[in-house]
Every structure is written in C-alpha cells, then in structure tokens.
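1. here are the coordinates; sequence isn't available:
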C-alpha cells in the first residue's frame with residue numbers, strides 16, 4: 001500500500017472551472033491533456049510515444065524554441081485535484097547544470113524525475129528502486145530513461161580513485177619484487193615510502209562511499225578502452241554507468257522485470273551533452289534479454305532502519 005504523500009491517484013472534488021476546462025496540451029510535446037496538464041484523466045502514453053515526446057522536447061530545447069512555461073491557477077489546481085500521469089520516469093544526475101525538465105522542455109506533471117550524484121542506484125538502492133517501481137506500478141509510466149551526462153563529477157571522481165589505486169597496486173607489486181633483491185633495510189625503506197591507499201583514511205565520508213560504488217564503472221571503462229587518459233576513461237565511464245543503472249533495475253526489481261518482459265515497459269539509456277544541449281538516446285541495454293531471467297531483489301532493510309531512527 002502506498003501512502004497519500006506519494007500522490008493519491010483517486011479523483012477528488014474539484015473546482016467547476018477545472019472540470020469544464022478541457023484543453024489540448026499547449027506545449028504540443030507530451031501528448032493531449034484534457035485539463036491543460038497531464039493528470040489521471042488522461043491515458044498513459046506508450047513507451048514509443050514517450051520516447052518520441054522526450055526527443056521532440058530536447059530538440060526544442062536545443063533549438064531555443066522551448067514552449068513549456070509556468071502553470072496558471074487552473075493547471076495547478078488540476079494537478080492537485082486529479083493527480084499525476086507523467087509520460088516517463090527519468091533517472092538523472094543531481095548536477096545543477098543538468099535540469100531534466102528543462103532539457104526535455106517539460107512542465108510539472110510531464111515527467112517523474114529521480115536524481116542523485118552519478119544517476120546511480122548502487123548507493124541508494126531501496127529509495128531509487130522503490131520510487132521507480134511506484135512510478136510504473138501506480139503512475140503507469142511506460143518508459144524509464146536513465147540519463148547520464150558529459151563532464152560528470154561523480155564519474156570523474158571515481159575514475160581518479162580507480163587510477164590512483166591502480167597506480168598504488170603497481171607500486172606495491174614493484175616494491176615486492178625489489179624486496180626479493182635487496183636487503184631487509186632497503187625493503188623497510190621502500191615500504192615506508194608507499195603513498196597512502198585512497199579511501200584508507202580513518203574518517204571515511206559518505207561521499208567517498210558513493211565514489212567507491214562507482215569505481216567498478218571506471219575500471220570497466222578502462223578495460224573496454226584498453227587504457228587511456230583520465231578524461232577518456234571518465235567519458236566512456238558515463239556510458240558504462242548508464243548501462244549499469246539499467247542493469248541494476250532489471251536485476252533487482254521483479255515489478256520492472258515482469259513489465260519489461262510483457263512489453264508493457266521499456267528501459268532505455270541516454271547521455272546529455274552539456275555543451276550542445278543535445279541528448280543522445282542509446283536504446284536498450286545489451287544485457288536486457290539475459291537479465292530478464294535474473295531473480296534478484298533489493299534487501300528490504302530501509303523499514304528496519306527507519307524504525308531504529310524513530
């Protein structure tokens with residue numbers, strides 16, 4: 001059961017002005033809406049319709065022809081009274097330069113947006129997966145878009161940690177080899193000169209934990225590229241991370257797996273170019289068919305933690 005704070009979807013008593021105000025969506029980008037904004041009065045859009053709406057909205061954004069504006073009092077009351085019927089769920093990065101609604105030329109009610117640093121599920125499994133499941137099970141969205149972006153600070157930070165640790169492992173291996181060929185005194189000296197291992201500080205931050213969870217993304221990007229500069233690896237890791245988030249959702253959500261398998265829901269990836277403003281749509285994960293047979297789930301630990309804190 002979902003509490004009312006998540007958005008009660010049953011029709012409530014409304015102002016007659018709203019009830020009689022049947023209008024087409026003035027933005028023309030996110031489908032027709034009977035009340036001027038998308039509410040539960042409207043039918044859900046299919047996955048193909050949703051992706052077309054997102055693509056069209058981004059084209060308007062890039063061309064400087066955005067049509068989404070503020071809401072008048074009737075539109076605000078319609079959303080408050082009739083609930084939400086977003087066309088898609090978007091998992092984006094918390095980066096302030098990547099405002100999801102604006103880059104798709106969307107208005108309140110058009111998109112169900114989840115954001116955190118690195119557009120990832122690996123460090124906030126319960127809340128992210130649960131929120132996505134709410135959007136598809138209750139709000140009936142048919143498209144989940146995982147949106148990475150160029151110049152991602154979280155990915156760059158994880159890449160630097162990965163490269164530092166790789167360099168440290170190389171130093172340690174070299175020291176161990178030298179130790180066999182030198183005296184105990186020189187061995188002790190070489191060990192004392194080893195730089196500290198990243199992440200071994202006594203006081204670890206939550207931020208470091210988030211970056212730690214993204215280090216495998218940088219490692220995979222490096223392997224796929226066969227090496228490269230920090231910038232090259234980080235740029236490729238953005239795409240690797242998009243697939244990783246999609247694959248995590250498919251692996252650990254039965255609701256999502258069942259809806260994707262039935263053809264009712266689609267998961268796609270995309271990357272936002274901060275310089276051009278354009279979104280590159282990547283399509284479905286290459287591992288989707290394989291992961292639909294997976295039977296994992298997120299450990300329901302959040303409830304217990306909440307009770308401990310209350």
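-> Ah, there it is. On a predicted model such as this, the values are computed, not experimentally measured, just so you know.
2. CA only for contacts and neighbour counts going forward, please
-> Fine.
3. Stretch 120-129 - what's its average pLDDT?
-> Averaged over stretch 120-129, pLDDT sits at 78.
4. gap between the two ends of it?
-> End-to-end distance of stretch 120-129: 10 Å, with C-alpha to C-alpha, to the nearest Å as the criterion.
5. try stretch 257-267
-> Start-to-end span of stretch 257-267 (C-alpha to C-alpha) is 10 Å.
6. Can you list the buried residues in that stretch?
-> By neighbour count with 16 or more other C-alpha atoms under 10 Å, stretch 257-267 contains the buried residues 257, 260, 264, 265, 266, 267.
7. do the same with stretch 213-228
-> When burial is assessed from 16+ other C-alpha under 10 Å, stretch 213-228 yields the following buried residues: 214, 215, 216, 217, 218, 219, 220, 221, 222.
8. swap in stretch 247-259?
-> Neighbour-count burial for stretch 247-259, with 16+ other C-alpha under 10 Å as criterion, is recorded at 247, 248, 249, 250, 251, 252, 253, 254, 255, 256, 257.
9. burial of the closest residue to the second one other than its chain neighbours, as a residue count?
-> By the measure of C-alpha to C-alpha, 6 or more residues apart in numbering, the closest residue to residue 248 outside its immediate chain neighbours is residue 121, 7.1 Å from it. The local packing of residue 121 (other C-alpha atoms under 10 Å) involves 20 other residues.
10. quick one: residue 121 and residue 247, what's the gap?
-> 10 Å.
11. try residue 77
-> Going from residue 77 to residue 247 by C-alpha to C-alpha gives 38 Å.
12. re the thing from before, and the residue nearest to residue 248, what does it touch?
-> Contacts for residue 121 (C-alpha atoms under 8 Å, 6 or more residues apart in numbering) come out as 128, 129, 245, 248, 249.
13. same thing but 10 Å
-> By C-alpha atoms under 10 Å, 6 or more residues apart in numbering, the residues touching residue 121 are 91, 127, 128, 129, 213, 244, 245, 246, 247, 248, 249.
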